[in-house]
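Participant: predicted structure and sequence below. I'll ask about it afterward.
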Amino acid sequence: MKLDVEIISIDADPWALLTKLAKAKFRADEIHEIPGTDTLNVDNGMNDLRAKVVGDTIEFGVRYKRDEVQYEQAILDFCRENALTLRFNPVRGN
């Protein structure tokens, strides 16, 4: 399930930014590509949060809806702490 928040990487490499997020908020040593997908594991092997780099945008998805708010909050906190640009996507098809 895609999260409603994305990070826009303006002055930094999105891969480096994603690695910094993974280390700071999810105790990961590094990010890993998930074989057979176009997504990245960023939560230290838990595989509950995945990311996808699309140009200068980092998109996020969660495995469980119950974790959505927790992960969005961690991403928002990271962006505030690092003065990063966010994009919100509040519209979802139901």
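Facilitator: In hand now; what should we look at? Computed from a predicted structure; not experimentally measured.

Participant: rest of the way, CA atoms for contacts and neighbours
Facilitator: Fine.

Participant: residue boundaries of the strands in this structure?
Facilitator: Counting by DSSP state E, the chain has these strands, from start to end: 5-8, 32-33, 40-41, 49-54, 57-62, 85-88.

Participant: neighbours around residue 31, how many?
Facilitator: Residue neighbour count, defined by other C-alpha atoms under 10 Å, stands at 22 for residue 31.

Participant: who's in contact with the closest residue to it other than its chain neighbours?
Facilitator: Among residues not flanking residue 31 along the chain, residue 42 sits closest, at 5.0 Å (C-alpha to C-alpha, 6 or more residues apart in numbering). Counting by C-alpha atoms under 8 Å, 6 or more residues apart in numbering, residue 42 makes contact with 18-19, 22, 26, 28, 30-32, 49-51.

Participant: could I get those residues as JSON lines with distance to residue 1 and pLDDT?
Facilitator: Below are these laid out as JSON lines (distance: C-alpha to C-alpha, whole Å; pLDDT from 0 to 100):
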{"residue": "18", "distance to residue 1": "19", "pLDDT": "95"}
{"residue": "19", "distance to residue 1": "21", "pLDDT": "95"}
{"residue": "22", "distance to residue 1": "19", "pLDDT": "96"}
{"residue": "26", "distance to residue 1": "19", "pLDDT": "94"}
{"residue": "28", "distance to residue 1": "21", "pLDDT": "94"}
{"residue": "30", "distance to residue 1": "23", "pLDDT": "90"}
{"residue": "31", "distance to residue 1": "19", "pLDDT": "93"}
{"residue": "32", "distance to residue 1": "19", "pLDDT": "90"}
{"residue": "49", "distance to residue 1": "10", "pLDDT": "95"}
{"residue": "50", "distance to residue 1": "10", "pLDDT": "95"}
{"residue": "51", "distance to residue 1": "11", "pLDDT": "97"}
